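S.K.: sequence plus the predicted model coming up.
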Amino acid sequence: MQITTIILAAGKGTRMRSELPKVMHKIAGKSLLEHVYQTSKQIPGNAITVVVGHGADFIRDSLAHLNVNWAEQSQQLGTGHAVQQAAEQIGDDDIVLVLYGDVPLLKFATLQNLLGKADKETLALLTINFDDPTGYGRIIRDATGRVTKIVEQKDATPLELAVTEVNTGIMAVNGQKIKKWLAQLGNDNAQGEYYLTDVVEMAVADGVLVSTCQPQASNEVLGVNNRLQLSQLERLYQQAQAEILMEQGVTLIDPLRFDLRGSITQLGQDVEIDVNVILEGQLVLGNNVKIGTNSQIKNSVIGDNVQIFANCIIEDAVVGANSRIGPFARLRPGTVLSQDVHIGNFVELKNAVVAENSKINHLSYIGDASVGCQVNIGAGTITCNYDGVNKFNTVIGDRAFIGSNSQLVAPVTIGANATIGAGSTITEDCPDNQLTLARAKQVTVSTWQRPVKKDT
């Protein structure tokens, strides 16, 4: 069975008060539309069409990596009109699944359940009961309980407004039939729009059964119309991610102060995460990893028994087992640390490879560098890797000792077991097993007098 999914994403989202198209606003660092797409693409044999309108070029350019067909609704004339723009993508024998680009929390299991009810003679409709159904189209049933139609809020009678079962807008239906019904839609209603919901009444008139099902949780079908709703769905999403992690054995000191904006592709045991931690992109967390408060980790691999102290930023990096990072450390892209490495407070590394048992504990910048094993780099050390145009490499041999406040002007190599005296500016290669000093001779001027302020 061919599934054709149509995701409606044409609305401007006026209540967002933003130049950004509504479906491009983000939850967990990913656009609303991408959330819907990633859920729907789990359906086997699924061809996805996205109907765009406001900001169409921006959406297509921003999400060019998605495997979708694009259709455009140049005038926003209602949901039925939007689906009409994708009609050429619909085969007669397809099951057409209609989704919405601003409803990001829908679960794959819910879609599976809905699709399981749809066939050539059955239109499957996702409904839900709300204590306060204001704003939603009401599901109208006959005396036998069969769905007869959907009535929009502005067109409903007082009796119909009392109905608490509402339409989510999400449906699955035979392709040939929906194309027929789309061609028959009219706009004689309070909004002057072509409602997709009118196909339900057409289905009933044609003897097609309307079968309903509901999601496990109401938040699956909540949409985003303003910033408040966006923030509410963000917290619902993050709460769900936190619960999944805790079920997998992660200790979250406060689940309400934790954000996962990506996925953990490999997760060890006894991971502990303190408050206000943000995890982004694709991550690997080993056994016994401890992450301190206010830290941010993106697209990185963290080995077993690593302790990351408070206020660290780690991006596109690898941290080897038994290493200690921070507090206030920054590992920039290209940093690879072997096991038992210590990176201390206010240390920054970029495109640096550091071998086992080396220490960079205080106030240093190491960029475009290869650091050997058992190296000790003193406070205030800088690899001067950039001449304003080009980058150059620094190589530091095994067991070297770099004295505090040293500048290593790349390209330069520090030999194995070499010692660099504190305060040195190194511009040439330094030999193995030797002490190298490069600083001005200390002078005391005995005749110097401190200036005093002149009388006015």
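M.R.: Nice, I can see it. Worth saying up front: this structure is predicted, and the values here are computed from it rather than measured.
S.K.: so where do the helices sit in the protein?
M.R.: With DSSP state H applied, the chain shows helices at 32-40, 56-62, 79-84, 108-115, 158-161, 175-183, 198-205, 227-247, listed in chain order.
S.K.: what's the closest of those to Gly388?
M.R.: Closest to Gly388 of the helices of the chain is helix 56-62 (C-beta to C-beta; 33.1 Å). Where C-beta positions appear, they are placed from N, C-alpha and C, glycine not excepted.
S.K.: neighbouring contacts of the closest one?
M.R.: Residues external to helix 56-62 that are found in contact with it (C-beta atoms under 8 Å, 6 or more residues apart in numbering): 9-10, 21, 23-24, 31, 33, 50, 52, 70, 72.
S.K.: just give the nearest non-adjacent residue to Met24, would you?
M.R.: By the measure of C-beta to C-beta, 6 or more residues apart in numbering, the closest residue to Met24 outside its immediate chain neighbours is Ser31, 4.9 Å from it.
S.K.: OK, contacts around that neighbour?
M.R.: 23-25, 62-63.
S.K.: repeat the analysis, applying 10 Å as the threshold.
M.R.: Each residue near Ser31 by C-beta atoms under 10 Å, 6 or more residues apart in numbering is listed here: 9, 20-25, 37, 59, 62-63, 101, 104.
S.K.: from those, which ones fall inside strands?
M.R.: Using DSSP state E, the subset of those located in strands is Ala9.
S.K.: which single one of the contacts of Ser31 is nearest to Trp448?
M.R.: Distance from Trp448 was checked for each of these by C-beta to C-beta. The minimum falls on Leu20, at 63.2 Å.
S.K.: still on that earlier bit, beta-bridge partners for the residue nearest to Met24, please?
M.R.: Ser31 forms beta bridges with Lys26, as assigned by DSSP bridges.
S.K.: can you report how many residues neighbour Met246?
M.R.: Using other C-beta atoms under 10 Å, Met246 has 13 other residues around it.
S.K.: go on, the one 4 residues further on?
M.R.: Around Val250 sit 21 other residues, with neighbours defined as other C-beta under 10 Å.
S.K.: now do the contacts for it.
M.R.: Under the criterion of C-beta under 10 Å, 6+ apart, the neighbours of Val250 are 242, 244, 258, 264, 267-273, 285, 289.
S.K.: can we see that at 6 Å?
M.R.: With contacts defined as C-beta atoms under 6 Å, 6 or more residues apart in numbering, the neighbours of Val250 are Val271.
S.K.: can you check the one 5 residues further on too?
M.R.: Applying C-beta under 6 Å, 6+ apart to Pro255 gives the contacts Ala242.
S.K.: how near is it to Gln307?
M.R.: Applying C-beta to C-beta, to the nearest Å, one obtains 21 Å for the distance of Pro255 from Gln307.
S.K.: give me the mean pLDDT for stretch 10-26.
M.R.: Mean per-residue pLDDT for stretch 10-26: 94.
S.K.: what sits up against that stretch?
M.R.: Defining contact as C-beta under 6 Å, 6+ apart, one finds that stretch 10-26 is touched by 9, 31-33, 51-55, 59, 73, 76, 82, 101-102, 225-226, 230.
S.K.: before we move on, back to that, any idea how far Val284 is from the residue nearest to Met24?
M.R.: Using C-beta to C-beta, Ser31 is found at 25 Å from Val284.
S.K.: point out where the protein drops to low pLDDT.
M.R.: Low-confidence segments of the chain, defined by pLDDT under 70, span residues 456.
S.K.: what are the buried residues along stretch 157-177?
M.R.: Judged by neighbour count (16 or more other C-beta atoms under 10 Å), stretch 157-177 contains these buried residues: 160, 163, 165-175, 177.
S.K.: restricting to C-alpha, output that stretch in CSV.
M.R.: Coordinates of each C-alpha in stretch 157-177 appear next as CSV, following Å, rounded to 0.1, in the frame of the first residue of the first chain:
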residue,chain,number,x,y,z
THR,A,157,-25.3,25.8,16.4
PRO,A,158,-25.5,26.1,20.2
LEU,A,159,-26.3,22.4,20.4
GLU,A,160,-23.3,21.5,18.2
LEU,A,161,-21.0,23.8,20.2
ALA,A,162,-21.8,21.7,23.3
VAL,A,163,-20.1,18.7,21.7
THR,A,164,-16.7,18.0,23.3
GLU,A,165,-15.3,15.5,20.6
VAL,A,166,-13.3,17.6,18.2
ASN,A,167,-11.5,17.3,14.9
THR,A,168,-7.7,17.3,14.9
GLY,A,169,-7.6,17.8,11.1
ILE,A,170,-5.6,14.6,10.7
MET,A,171,-7.1,12.0,8.4
ALA,A,172,-6.2,9.1,6.2
VAL,A,173,-8.3,8.4,3.1
ASN,A,174,-8.3,6.7,-0.3
GLY,A,175,-6.6,8.8,-3.0
GLN,A,176,-9.2,8.5,-5.7
LYS,A,177,-12.0,9.4,-3.4
